[in-house]
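Enquirer: Show me how the following folds:
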Amino acid sequence: QQCGIVLLSGHPLALYCRMVTMSCSNSSNADWFIEIESPDAEEVLPEWIECYIIENIDPTICGPLSKDLSAILPLRSPLSSAETNASTTNQFPKTDHLKRARRRAATEIEVKLRANSSAQTQKLSSSSSDDKTSCGKKLKSEDVESGDINTEKQSNGHNIKKRKQKDRSNQNSTPWSLDVLVGSVQQCNDSLKTATTTRNATSPSLLAVLAKYGLSEESPNFTRQSLPGRPAKNKEERDEWNKSVWPTLFFEKKTTQFKQEEIALTSAEIELMKNWMQEALADAMMGYTQWREWKEQIEPSRDKELSLSISGALVIDPQTGSIVSRASQERKLQGIAGDASNHQTWASFPDYINPLSTAPLLAIQGVSRIERQVAISNGMESDKFRGGQYLCTGYDVYLTKEPNIFEAMSLVHSRVRRVIFGIPDEGMGGLGGPKSSGQEAGIHSLPGTNHHYRAFRLNLSDGSDGCIGGDMTRKSLVAELRNLHPEKEVDCRNI
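Expert: Numbering: from 1, shown residues only. The predicted structure is shown next:
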């Protein structure tokens, strides 16, 4: 890598990125722009994982047991990369897509066991009832006269009637059982191992929780089963798993299909992106015109051979479809003395004297200038300023050349929505422009940053489909961009 590896906020900028051609309803527009995404967007998970299950749980303890298990063995996602590097021995499978409890049809053996248990309960209940009857015979005569016995008989008769109706209802319904998911085998074994090695630990262990409810890992209903290791891909798969395997959660917004449909560029969006890329090219040409005007004002004997790489940069409001800021406009406002509208003498050329005055940053400074003007005109405490634009939030930035690392990070801080560029920077590109090695710097999707934006590049293959402005094809646009940014640009700021 020519740019090497740079550390920023503790994260390496050298990230593997993949480029995905965005689809749209118009096939002639589908391959105009290519999105650069991080490979972390897709998580590779096993199809099945081994888990421990407690079968046929007493319904009265199902809730408390599930709560205690969640406290010590939460259904969780895999460890993050930082956690994995810190402790490679405690990597557990993803289980947050599984529900803690399952209700299913009872087996014949479970039904017979319940019948025997019910018979014993009824026998004990009958014995208790006989004791109550014998005690009732000793009631005083005044209690009989007051009608207390009749009231008790009516109450007992009502309870017996309700009990018979409930038993009849249970006989007509299908017997069911409750099962509880303890956790993945790796997670449970780690907890059991920790409990045996640290017996004096104050925190509850899996052994203690099981013992609390009269269970243990040796109990016959403490079983091992294979459960889905990933969330369901669609509703049909979720329904099948819920019916025959284990109840699972379905995260529709996390499915690959939903994400692709949600972020797919429409034909109208691509048409606008074509037009704005042409406007960015026009902004770059204006920048070179400004550069020539400035060079004509300096001493030709010393600086006639100066050359400078100038990019075009636009900040677009996608809601209104208007240009918010141009790099060339901000350059003129900063460089020309007096009233810029009257084409006064260039006092300086920002791109030349200040290495931070590159086209992307000039365009961002143009947005800041608008914010300052609103604050000066209305005051920083005014509702217009407080309810106005915050930096470049929601804006799109169009560049003729891929931003370098510090420019890409400035776009992160500016909270832009999208960045669309033309020619990749093979040396210091900050968005992962195409290279043969496949190892790129993706600032826009850098883990640990508090803002991400989508990055697109123009497809540089020779295509003749579609037009820009009615007469410019992608092939001619690419040719003009390559002429504007040759492979080996000479920049006087780097000499």
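Enquirer: and E330, what does it touch?
Expert: 362-363, 365-366, 369 (CB atoms under 8 Å, 6 or more residues apart in numbering). For glycine as for every other residue, the C-beta is placed from the backbone atoms N, C-alpha and C.
Enquirer: need the helices for the stretch 201-350 of the chain, in chain order.
Expert: Assigned by DSSP state H, counting those that start in this stretch, the helices in the stretch 201-350 of the chain fall at 206-212, 235-244, 256-263, 267-297, 300-303, 327-335, 350-353.
Enquirer: which of these is buried the deepest?
Expert: helix 327-335 (a mean of 23; mean count of other CB atoms under 10 Å).
Enquirer: re the thing from before, any chance of the contacts of E330 in JSON lines with secondary structure, distance to S205 and neighbour count as columns?
Expert: Formatted as JSON lines, those follow (DSSP: H, G, I helix; E, B strand; the rest coil; distance: CB to CB, whole Å; neighbours: other CB atoms under 10 Å):
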{"residue": "L362", "secondary structure": "helix", "distance to S205": "61", "neighbour count": "27"}
{"residue": "A363", "secondary structure": "helix", "distance to S205": "59", "neighbour count": "33"}
{"residue": "Q365", "secondary structure": "helix", "distance to S205": "59", "neighbour count": "18"}
{"residue": "G366", "secondary structure": "helix", "distance to S205": "61", "neighbour count": "23"}
{"residue": "R369", "secondary structure": "helix", "distance to S205": "62", "neighbour count": "15"}
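Enquirer: Looking at these, which one is closest to P59?
Expert: P59 has its nearest neighbour among these in A363, at 64.6 Å by CB to CB.
Enquirer: ranges for the strands of the stretch 101-250 of the chain?
Expert: Ranges of strands in the stretch 101-250 of the chain, per DSSP state E, counting those that start in this stretch, are 101-105, 176-184, 222-228.
Enquirer: can you redo those strands as JSON lines with mean neighbour count?
Expert: Formatted as JSON lines, the strands of the stretch 101-250 of the chain follow (neighbours: other CB atoms under 10 Å):
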{"stretch": "strand 101-105", "mean neighbour count": "15"}
{"stretch": "strand 176-184", "mean neighbour count": "21"}
{"stretch": "strand 222-228", "mean neighbour count": "16"}
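Enquirer: Put together CSV for the ones you listed, with distance to K112 and mean pLDDT on each row.
Expert: Formatted as CSV, the strands of the stretch 101-250 of the chain follow (distance: least, CB to CB, whole Å; pLDDT from 0 to 100):
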stretch, distance to K112, mean pLDDT
strand 101-105, 14, 92
strand 176-184, 13, 93
strand 222-228, 19, 94
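Enquirer: Nearest to C392, out of the helices of the stretch 201-350 of the chain?
Expert: Across those, closest to C392 is helix 327-335 (CB to CB), at 13.3 Å.
Enquirer: N404 and G432: what is the separation?
Expert: From N404 across to G432, the span is 12 Å (CB to CB, to the nearest Å).
Enquirer: who's more crowded, those two?
Expert: Set side by side, N404 and G432 show more neighbours around G432, with 29 against 20, by other CB atoms under 10 Å.
Enquirer: I figured that one was touching G442, is that so?
Expert: Yes. Using CB atoms under 8 Å, G432 is in contact with G442, at 4.4 Å.
Enquirer: Could you confirm V374 falls within a strand?
Expert: No. Going by DSSP: H, G, I helix; E, B strand; the rest coil, the assignment for V374 is helix, not a strand.
Enquirer: do you know how far the closest residue to it other than its chain neighbours is from R415?
Expert: In space, and not counting its chain neighbours, V374 is closest to F385: 5.3 Å by CB to CB, 6 or more residues apart in numbering. From F385 over to R415 the distance is 17 Å, taken as CB to CB.
Enquirer: Out of the contacts of E330, which comes closest to T266?
Expert: Of the contacts of E330, the one sitting nearest to T266 (CB to CB) turns out to be A363, at 25.1 Å.
Enquirer: Nearest spatial neighbour of that closest one, chain-adjacent residues omitted?
Expert: Nearest to A363 is A313, by CB to CB, 6+ apart, at 4.0 Å.
Enquirer: got it, and R454?
Expert: Closest to R454 by CB to CB, 6+ apart is R418, at 4.8 Å.
Enquirer: Poorly predicted segments of the chain, please.
Expert: 1-30, 38-43, 77-90, 118-173, 195-203, 298-306, 337-344, 433-441, 462-472, 488-495 (pLDDT under 70).
Enquirer: ok so, going back, show me what contacts the residue nearest to A363?
Expert: With CB under 8 Å, 6+ apart, A313 has these contacts: 280, 283, 326-327, 359-360, 362-363, 397-400.
Enquirer: I364 versus that one, what's the distance?
Expert: Applying CB to CB to A313 and I364 gives a distance of 8 Å.
Enquirer: ditto for S267
Expert: S267 is 30 Å from I364, by CB to CB.
Enquirer: Equivalent analysis for P486, please.
Expert: 26 Å.
Enquirer: In terms of neighbours, single out the busier of the two.
Expert: I364 (26 against 10).
Enquirer: Now do the same for the more buried one: helix, strand or coil?
Expert: helix.
Enquirer: what sits against the closest residue to it other than its chain neighbours?
Expert: Leaving out its chain neighbours, the residue that sits closest to I364 by CB to CB, 6+ apart is S414, at 5.3 Å. Contact partners of S414, counting by CB under 8 Å, 6+ apart, are 364, 367, 391-392.
Enquirer: Buried subset of these, written for ChimeraX?
Expert: If you want just the buried ones from those in ChimeraX, going by 16 or more other CB atoms under 10 Å, the selection is:
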select :364,367,392
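Enquirer: could you dump the contacts of S414 to TSV with secondary structure and distance to E271?
Expert: Below are the contacts of S414 laid out as TSV (DSSP: H, G, I helix; E, B strand; the rest coil; distance: CB to CB, whole Å):
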residue	secondary structure	distance to E271
I364	helix	26
V367	helix	25
L391	coil	27
C392	coil	23
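Enquirer: any idea which of the contacts of S414 is closest to E237?
Expert: Ranked by distance to E237 (CB to CB), these are led by C392 at 40.9 Å.
Enquirer: show me where the stretch 301-450 of the chain has strands.
Expert: Using DSSP E, counting those that start in this stretch, strands in the stretch 301-450 of the chain cover 313-317, 322-326, 396-401, 418-423, 439-441.
Enquirer: in the first one, what's buried?
Expert: Right, the one you point to is strand 313-317. Neighbour-count burial for strand 313-317, counted by 16+ other CB under 10 Å, picks out 313-317.
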